[in-house]
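K.L.:
Show me the folded form of this:
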Amino acid sequence: MLEVKLGRESLPRVESRVRPSSVLKSFVTFVVTVVLLVLAFYFLIPVVWILVASTKTQAELSSTGIFSFPAHIVLWENLKLLFTYSGGVYVRWFVNSIIYAGSVAICTCVICSMAGYALAKHKFRGRNITFFVILASMMIPGTVTAIPLFVVEQPLHLVDTYLGVIFPLIASPFGVYFLRIYIRDVVPNEMIEASKVDGASEGRTFWMIVLPIIRPALSTLFLISFIGTWNNFFLPLVLLHNQSLYPLPVGIESLLSLINTAAANQSLPLYQLVITGSLISIIPMIVGFIVFRKHIVTGLTQGSIKL
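P.N.:
Coordinates of the predicted model:
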């Protein structure tokens, strides 16, 4: 009887301990949700503004509210004006950005996956030093390396070329670090050893076994590298002088720089060109996030789970 009584008396104590933690968990969830909604709203404001502004004429940009649509939407006219300006140079900039970003993203995934695999699964002299040097290189901002790259590439005749922009961006220290951690935690050593026992070479093991396993991480790195190269401004600005080789950020900046020059006195709708061009430039990134969203979440979280 005493044991039953003690058991019954201890039950409310257990409930009293559970209830505060449950309330606290609900409160934290609510606060986090509110903060995320506020941040999402904050980051979507520029997107909404540029979408609304691209539907206006140059006169309506200053005469109407920043978030009010005009009576007559001229988005189609602005797009026609953008794609026909200066012989369709914007289309050339768009294609250049695809070439730069796509080439860098593909090469980065291949090179960084090889380097990450070597650092994660192979023991060799100087492995730790090499990894620490890669980590240290992540601390160097890109604006510091742009000028030395120009000095190095000029004798090699890489200035004003596609390769001059692509080569410096291929070896990503973050990509090597990210894939090294991912491969170390996700790819089983037993699977690699089994492939070697079956007579598979290192190359066949990497291409046929390792790459399929790390596909989520490669999708994440591809998108990160693509967006980083797509938005890269300073390096192409330093290395490129030919307008036909400009990517979108440099090309749009060149349009913006004409606003206070003689071109502005020729009644050219430069603001419409800049705003509409900026709107088109963010579409590939939005599509990329929609297409790779599941792979991004898997790639960023699965590497933290030890298999």
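K.L.:
all helices in the stretch 51-200 of the chain, in order from the N-terminus.
P.N.:
58-63, 75-84, 89-121, 127-137, 142-153, 162-170, 173-186, 189-197 (DSSP state H, counting those that start in this stretch).
K.L.:
Tabulate the ones you listed (JSON lines), appending mean pLDDT and distance to Pro212.
P.N.:
(Each C-beta comes from the backbone N, C-alpha and C, glycine too.) What follows is those, written out as JSON lines (pLDDT from 0 to 100; distance: least, Cβ to Cβ, whole Å):
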{"stretch": "helix 58-63", "mean pLDDT": "82", "distance to Pro212": "51"}
{"stretch": "helix 75-84", "mean pLDDT": "90", "distance to Pro212": "41"}
{"stretch": "helix 89-121", "mean pLDDT": "94", "distance to Pro212": "12"}
{"stretch": "helix 127-137", "mean pLDDT": "86", "distance to Pro212": "25"}
{"stretch": "helix 142-153", "mean pLDDT": "74", "distance to Pro212": "32"}
{"stretch": "helix 162-170", "mean pLDDT": "91", "distance to Pro212": "23"}
{"stretch": "helix 173-186", "mean pLDDT": "90", "distance to Pro212": "11"}
{"stretch": "helix 189-197", "mean pLDDT": "87", "distance to Pro212": "11"}
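K.L.:
could these go into JSON lines alongside distance to Tyr246?
P.N.:
Output for the helices of the stretch 51-200 of the chain, formatted as JSON lines (distance: least, Cβ to Cβ, whole Å):
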{"stretch": "helix 58-63", "distance to Tyr246": "23"}
{"stretch": "helix 75-84", "distance to Tyr246": "15"}
{"stretch": "helix 89-121", "distance to Tyr246": "5"}
{"stretch": "helix 127-137", "distance to Tyr246": "27"}
{"stretch": "helix 142-153", "distance to Tyr246": "15"}
{"stretch": "helix 162-170", "distance to Tyr246": "10"}
{"stretch": "helix 173-186", "distance to Tyr246": "25"}
{"stretch": "helix 189-197", "distance to Tyr246": "45"}
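K.L.:
pLDDT weak spots in the stretch 201-307 of the chain?
P.N.:
Applying pLDDT under 70 to the stretch 201-307 of the chain picks out residues 260, 262-267, 295-307.
K.L.:
In stretch 197-205, which residues are buried?
P.N.:
Across stretch 197-205, burial judged by 16 or more other Cβ atoms under 10 Å covers Ala200, Thr205.
K.L.:
how much distance is there from it to the middle of the chain?
P.N.:
Relative to the chain's own centre, stretch 197-205 is displaced by 33 Å; criterion: Cα atoms, centre = their mean, to the nearest Å.
K.L.:
same thing with stretch 284-298?
P.N.:
So, by Cα atoms, centre = their mean, the centroid of stretch 284-298 is 10 Å from its chain's centroid.
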